[in-house]
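K.L.:
Below: sequence and its predicted model.
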Amino acid sequence: MAPCPTRTRPPPRPRALSFDRAAAQYAAARPGYPPALFSSVEELTGRPLRGARTLDIGAGTGISTRLLHDRGAHVTAVEPGPGMAAELHRALPQIPIVRGDGNRLPFATASADLITYAQSWHWTDQALAAPEALRVLRPGGALALWWNVSDHSVPWIAEQDARLRRFFGADDGAHGSPVHSRDLPAGLGFVHRTVPWTRRVPLDTHLANLGSHSAFLVLGEEPTRRFLTEERVRLAELFPDGTVEESYVVDLSVAPR
């Protein structure tokens, strides 16, 4: 899929580019995705990932890119941030990277089997990104959007989420919100699925994961440090062995072309 040199792109929103300052932290601490997610993508798109010409938009440091590649997809990563793109290239030098974003995809019409957005659709202008995805997808292709959302049915996660919302004010936080509360493009025929999973990580990794979210990155070092220091004390009591079990539900939405 050759880039189209005549297309230009507007600069991404500043908060979206805040991840550039913490690219290594993001790569080391952010959760991946369970194998069941990619099996669900295959089921809902009606085709295997192996051999699929795939664009991973807002690829960041390549967390989803790597997993798509491991399933046999022919992946091109699309990432606007220079720091994130550099971290992705360092970790996955074999993966092609194109600097760009979903609002103006620098690819030919009907050139992709699958377009994926892992944690990144909400950074787009949907009035631009949805038509662009439809333009670039071939007939029979699919658009797949997904988010890792912390499982608020777990008491300690719900309590942490309440602290985050108090700290940032109202709805802003670092846990994510379920897909039914997101404004997905109308008329694309999305089908939805949820995939629960867990991971066990050191407390330091859990706190670094929290700190890698844009809400903290734009806040500043000192208030972030204060919140995470207090959170360390609380969680050390809950997890005295220093290992935190994080529980997630991946919200997946797939729209066939």
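P.N.:
Ah, there it is. Numbers count the residues shown, from 1 in each chain.
K.L.:
rest of the way, CA atoms for contacts and neighbours
P.N.:
Noted.
K.L.:
Would you state the strands of the stretch 1-150 of the chain in chain order?
P.N.:
Using DSSP state E, counting those that start in this stretch, the strands found in the stretch 1-150 of the chain span residues 53-57, 74-78, 97-98, 112-118, 137-150.
K.L.:
Looking at the ones you listed, which is nearest to F167?
P.N.:
strand 137-150 (17.4 Å; CA to CA).
K.L.:
who does the closest one touch, helix- and strand-wise?
P.N.:
Judged by 3 or more CA pairs under 8 Å, 6 or more residues apart in numbering; DSSP states H and E, strand 137-150 is in contact with helix 35-45, strand 112-118, strand 243-256.
K.L.:
CSV for the ones you listed, including mean pLDDT?
P.N.:
Converted to CSV, the helices and strands packed on strand 137-150 look like this (pLDDT from 0 to 100):
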stretch, mean pLDDT
helix 35-45, 98
strand 112-118, 98
strand 243-256, 96
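K.L.:
Please identify the deepest-packed of these.
P.N.:
Comparing the helices and strands packed on strand 137-150 by mean neighbour count (mean count of other CA atoms under 10 Å), strand 112-118 ranks first with a mean of 25.
K.L.:
Using CSV, list the CA coordinates for it.
P.N.:
Output in CSV follows, covering the C-alpha atoms of strand 112-118 (Å, rounded to 0.1, in the frame of the first residue of the first chain):
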residue,chain,number,x,y,z
ALA,A,112,-6.7,-2.2,2.7
ASP,A,113,-8.5,-5.3,4.0
LEU,A,114,-8.6,-4.1,7.6
ILE,A,115,-8.2,-0.7,9.3
THR,A,116,-7.7,-0.9,13.1
TYR,A,117,-7.8,1.7,15.8
ALA,A,118,-6.5,0.4,19.2
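K.L.:
what's the spacing between G169 and W197?
P.N.:
With the distance defined as CA to CA, to the nearest Å, G169 ends up 28 Å from W197.
K.L.:
and those two? which has more neighbours close in?
P.N.:
Under the criterion of other CA atoms under 10 Å, the comparison of G169 against W197 puts W197 first, with 18 against 10.
K.L.:
May I have the beta-bridge partners of the residue nearest to that one when sequence neighbours are not counted?
P.N.:
Using CA to CA, 6 or more residues apart in numbering and skipping residues adjacent in sequence, the residue nearest W197 is Y248, 5.4 Å away. For Y248, the residues forming beta bridges with it (DSSP bridges) are S150, W197.
K.L.:
T224 belongs to a helix?
P.N.:
Yes: using DSSP: H, G, I helix; E, B strand; the rest coil, the assignment for T224 is a helix.
K.L.:
Where does the prediction get shaky in the stretch 1-150 of the chain?
P.N.:
Per-residue confidence of the stretch 1-150 of the chain (counting by pLDDT under 70) places the weak regions at 1-21.
K.L.:
mind redoing it with 80?
P.N.:
Flagging of the stretch 1-150 of the chain using pLDDT under 80 yields the residue ranges 1-22.
K.L.:
Same check on the stretch 151-257 of the chain?
P.N.:
Per-residue confidence of the stretch 151-257 of the chain (counting by pLDDT under 80) places the weak regions at 170-183.
K.L.:
what about the residue lying closest to A23 once chain neighbours are set aside, how many neighbours?
P.N.:
Using CA to CA, 6+ apart and skipping residues adjacent in sequence, the residue nearest A23 is M84, 5.2 Å away. A count of nearby residues for M84, using other CA under 10 Å, gives 26.
K.L.:
Number the residues from 29 up from this point.
P.N.:
Happy to do that; since the first residue is 29 now, the last one works out to M112.
K.L.:
Roughly how far does the residue nearest to W225 sit from V177?
P.N.:
Y276 sits 5 Å away from V177, taking CA to CA as the criterion.
K.L.:
ok, now L142?
P.N.:
If you go by CA to CA, the gap between L142 and V177 works out to 23 Å.
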